[in-house]
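[1] sequence unknown, structure follows:
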Ligand SMILES: NC(=O)c1ccc[n+]([C@@H]2O[C@H](COP(=O)([O-])OP(=O)(O)OC[C@H]3O[C@@H](n4cnc5c(N)ncnc54)[C@H](OP(=O)(O)O)[C@@H]3O)[C@@H](O)[C@H]2O)c1
């Protein structure tokens, strides 16, 4: 699929205010994709949407501020996208939070918060998007998981559990929607140079991490696939240095 064919498609990107989500918003906007980008902080998501809209004036960019910890938010995002963009072609479940704590110091509310934003919200977003994706001629779901969907790193039990969860339900979802022509991918990066990486691993030199634009380019590549072959998991791990993600 060329840029011309991506042009006019309608995408939801959660966590579009910063990091990987913001890079993805800019990359899809450059291909003419209309966007609903969501975030928790109203000022941040409005600022991000304005920045993208100012640079790419031929598309619609809708900001949507809401906390994905709230059970109502996923359905509200889908409703807004369908009403304002006229439908959904691409659902990109990117928003996430991390927690860096030993398991025995992790409190129940912290565990629940990570599981809710990283796993439960994407489950609801998929569930409510499916009827609309089935109406698209090129429907795609992309889940941003993590290397810790496969591995375990110390002090990341809740975060790793949430990423194992999204990978797990996505494996099933891929099979359940295959006959509807809905393509489902999971991307599992190592360290990406964003606020999150700095918060979890302040010791790392961010210039050596994966740039969020590289993840965005990977998404564009996946969204352009039209063949029959399904690629249902992509991992981006750059590091071989000991102690690096
Ligand atoms: N950075 C890495 O090293 C790395 C590696 C592998 C996977 N990932 C995954 O990639 C995804 C994006 O990570 P990132 O590094 O780009 O993160 P980031 O820079 O910290 O940005 C997180 C985004 O998620 C939004 N968000 C967080 N909590 C939310 C909530 N409760 N409700 C609604 N939106 C919320 C934030 O909105 P606000 O701006 O309003 O807070 C922001 O837009 C995450 O799923 C993360 O687990 C990251």
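    Cool, the structure landed. Note that the structure is a prediction, hence the values are computed from the model and not measured. Residues are numbered from 1 along each chain as shown.

[2] run through the bridge partners of the nearest residue to residue 42 once chain neighbours are set aside.
    Once flanking residues are discounted, residue 42 sits nearest to residue 65: 3.8 Å by Cβ to Cβ, 6 or more residues apart in numbering. For the C-beta atoms, the positions are set from N, CA and C on the backbone; glycine is no exception. Assessed by DSSP bridges, residue 65 has beta-bridge partners residue 39.

[3] so residue 65 versus residue 204, what's the distance?
    Taking Cβ to Cβ, to the nearest Å as the measure, residue 65 falls 30 Å from residue 204.

[4] quick one: contacts for residue 215?
    Applying Cβ atoms under 8 Å, 6 or more residues apart in numbering to residue 215 gives the contacts 20, 23, 24, 144, 187, 189, 192, 236.

[5] surely the residue nearest to residue 42 and residue 47 touch.
    No: between residue 65 and residue 47 there is no contact under Cβ atoms under 8 Å: 11.0 Å.

[6] per-residue confidence for the residue located most distally from the centre of the chain?
    In the chain, residue 104 marks the outermost C-alpha relative to the chain mean, sitting 29.0 Å out by Cα atoms, centre = their mean. Residue 104 carries a pLDDT value of 98.

[7] and what of residue 241?
    The model's pLDDT for residue 241 equals 55.

[8] what's the nearest residue to residue 197 if we skip its chain neighbours?
    residue 191 (5.0 Å).

[9] how many residues are close by the one you found?
    Using other Cβ atoms under 10 Å, residue 191 has 23 neighbouring residues.

[10] would you mind measuring from it to the ligand?
    4 Å (Cβ to the nearest ligand atom, to the nearest Å).

[11] contacts for the helix or strand harbouring residue 168?
    In this structure, residue 168 sits in helix 157-176 according to DSSP states H and E. Here helix 157-176 makes contact (Cβ under 8 Å, 6+ apart) with 93, 96, 98-103, 106, 110-111, 114-115, 117-119, 122-123, 126, 141, 143, 145-146, 148-153, 184, 186, 188, 230, 232-233.

[12] next, the buried residues of it.
    For helix 157-176, the neighbour count (16 or more other Cβ atoms under 10 Å) marks 157-167, 169-170, 173-174 as buried.

[13] same question for stretch 119-130.
    For stretch 119-130, using 16+ other Cβ under 10 Å, the buried residues are 119, 120, 121, 122, 123, 124, 125, 126, 128, 129, 130.

[14] and the second one, how far is that from the ligand?
    Meaning residue 120. Distance, residue 120 to the ligand, by Cβ to the nearest ligand atom: 11 Å.

[15] list the contacts for that residue?
    No contacts exist for residue 120 under Cβ under 8 Å, 6+ apart.

[16] of the contacts of helix 157-176, select the buried ones using a PyMOL command.
    In PyMOL, selecting the buried portion of the contacts of helix 157-176, with burial taken from 16+ other Cβ under 10 Å, looks like this:
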select buried, resi 93+96+98+99+106+111+114+115+117+118+119+122+123+126+141+143+145+146+148+149+153+184+186+188+233
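
[17] what about the contacts of helix 157-176, which are in strands?
    Among those, the residues falling in strands (DSSP state E) are 93, 141, 143, 184, 186, 188, 233.

[18] any chance of the residues you listed in JSON lines, with distance to the ligand too?
    Listed next are these as JSON lines, based on distance: Cβ to the nearest ligand atom, whole Å:
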{"residue": "93", "distance to the ligand": "8"}
{"residue": "141", "distance to the ligand": "14"}
{"residue": "143", "distance to the ligand": "9"}
{"residue": "184", "distance to the ligand": "16"}
{"residue": "186", "distance to the ligand": "11"}
{"residue": "188", "distance to the ligand": "7"}
{"residue": "233", "distance to the ligand": "13"}
